[in-house]
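Trainee: generate a structure from the sequence data that follows.
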Amino acid sequence: MVSTSKMDSDQRAKSFRSDEANITVYRPGGKKNGPIKYAIYNIYSFALLLRHRPSVVLYYETISALPAIFYKRIFRSTTLMAHYHEYVSPDEYKTGMKLVRWAHRLEQKNYNLFNWISHTNADRLRLFIEDEKVGVELKRKTHIFPNYPPRSWHSELKYPENAVVRMVYVGALSLETTYLAEIVKWVIGSSGKFTLDLYSNNYPESTKQFLSSLDSEFVQFKGSVEYDDLPRTLSNYHVGLVLYKGHIPNYIYNIPNKVFEYIAVGLAVWYPKQMTSCNILFEGDNLSNVMPLDFDKLSEVEYSVKQLTSSAKVRSFYFEDVSEEVVDFIEKHS
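Mentor: Take a look at the predicted model:
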């Protein structure tokens, strides 16, 4: 049984069941907004736990902690697992949503009851251990669980020589927190040497207005793309971009999903040089198709499709390579 807090009126995001995979996904809340949707999610999820009485409970992110921790407090034999897809600093907890702040305080009071805590990379796990002053006993329960795409995404792209370098970006867009304006200006100024397609369903009004004002054949906003359609969509490009400015620690110590998704389908990857965890991951690989860039000095970048084809290929990152530990842990305690 899977319960998620995604509240979406889109028909595709409603509850569904897969009897073949023995999975039911519940998405309570509908079109509700504000505190009401979070109240519905927490009450509904806790009721589902009481109904199904699972022996293992895995929740993602602090905002989903309340039902899982309350259930563990009642049924102490439950194996409680938490996975943090994002790193949230102490300052961000203090200034963020009150519900998340309160839920994190509850986590801190009950970490001794947890059986598994994981982050997506070593830097984020290290910061978590430092922030929470994790002792020896709890530290033994911490794990690194990267978020990689499935092996079925793998493909080897064929690049025609002398082609325009086709770039793509998938993800949240903001003029304040991403290098959107900088990359757009550079691509338009390249006069056809580069093109850029942008895919997103997460952007503020200011970004929407900026994108609407663009009048260039070299930069196109394509709207959203379904996750299952990503491999086929990405195969039309040469370079996958990461545009985060690193305005908070979560984005400095971040190796975004899109890095691994780009690599899986054979794209080169360009990311901002201040993304420390990316630098560490690829340090020493001597790969010119996975490059940290100074997005404030894009005019210094010189690149061609020929360089892409002559680059050493990056190592692979697939979900199947890292899932065994967590799967074995769940099966052992089920």
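Trainee: now for the helix or strand hosting Phe329, which elements pack on it?
Mentor: In this structure, Phe329 sits in helix 323-333 according to DSSP states H and E. Secondary-structure packing of helix 323-333 (3 or more Cβ pairs under 8 Å, 6 or more residues apart in numbering; DSSP states H and E): strand 56-60, strand 79-84, strand 116-119. C-beta: built from backbone N, CA, C; applies to glycine.
Trainee: could you redo the last one with a cut-off of 7 Å?
Mentor: Helices and strands touching helix 323-333, by 3 or more Cβ pairs under 7 Å, 6 or more residues apart in numbering; DSSP states H and E: there are none.
Trainee: can you list contacts of it?
Mentor: Residues outside helix 323-333 that contact it (Cβ atoms under 7 Å, 6 or more residues apart in numbering): 55-56, 79, 116, 143, 145.
Trainee: of those residues, buried ones?
Mentor: 56, 79, 116, 143, 145 (16 or more other Cβ atoms under 10 Å).
Trainee: ok, and the closest non-adjacent residue to the first one?
Mentor: What sits nearest to Val56 in space, not counting adjacent residues and going by Cβ to Cβ, 6 or more residues apart in numbering, is Thr79, at 4.4 Å.
Trainee: I figured the one you found hits Asn115, correct?
Mentor: Yes: using Cβ atoms under 7 Å, Thr79 is in contact with Asn115, at 4.7 Å.
Trainee: number of residues surrounding Asn22?
Mentor: Residues near Asn22, counting by other Cβ atoms under 10 Å, number 8.
Trainee: quick one, what contacts it?
Mentor: If a contact means Cβ under 7 Å, 6+ apart, then Asn22 has no contacts.
Trainee: pLDDT score assigned to it?
Mentor: With respect to pLDDT, Asn22 scores 72.
Trainee: could we number from 405 for the rest of this?
Mentor: With 405 as the first residue, the last one maps to Asn426.
Trainee: identify each buried residue in the longest helix belonging to the chain, please.
Mentor: Criterion DSSP state H: the longest helix present in the chain is helix 439-456. Of the residues in helix 439-456, 441-442, 444-446, 448-450, 452-453 count as buried by neighbour count, 16+ other Cβ under 10 Å.
Trainee: any weak-confidence spans in the stretch 605-738 of the chain?
Mentor: 688-692, 708-718 (pLDDT under 70).
Trainee: in it, which spans are helices?
Mentor: 609-617, 634-638, 653-656, 661-668, 680-686, 709-714, 727-737 (DSSP state H, counting those that start in this stretch).
Trainee: most neighbours per residue, which of these?
Mentor: helix 661-668 (a mean of 22; mean count of other Cβ atoms under 10 Å).
Trainee: which residues sit against that one?
Mentor: Contacts for helix 661-668 (Cβ under 7 Å, 6+ apart): 551-553, 557-558, 574-575, 634, 638, 644, 646, 673, 675, 682, 718, 721-722.
Trainee: just stretch 450-465 next, same as before
Mentor: So stretch 450-465 is contacted by 405, 407, 430, 469, 471-472, 474-476, 482-490, 734, 737-738 (Cβ under 7 Å, 6+ apart).
Trainee: same question for stretch 641-657.
Mentor: With Cβ under 7 Å, 6+ apart, stretch 641-657 has contacts from 490-493, 496, 527-528, 531, 563, 569-573, 581-584, 587, 638, 658, 660, 662-663, 666, 671-676, 678-681, 709, 712.
Trainee: quick check: phi and psi at Val538.
Mentor: The phi/psi pair for Val538 (degrees, to the nearest 10) reads phi -60, psi 130.
Trainee: just give the number of residues close to it.
Mentor: Val538 has 17 neighbouring residues, counting by other Cβ under 10 Å.
Trainee: quick check: it vs Asn654, distance?
Mentor: Distance of Val538 to Asn654, given as Cβ to Cβ, to the nearest Å: 19 Å.
Trainee: over to Ser595?
Mentor: From Ser595 across to Asn654, the span is 36 Å (Cβ to Cβ).
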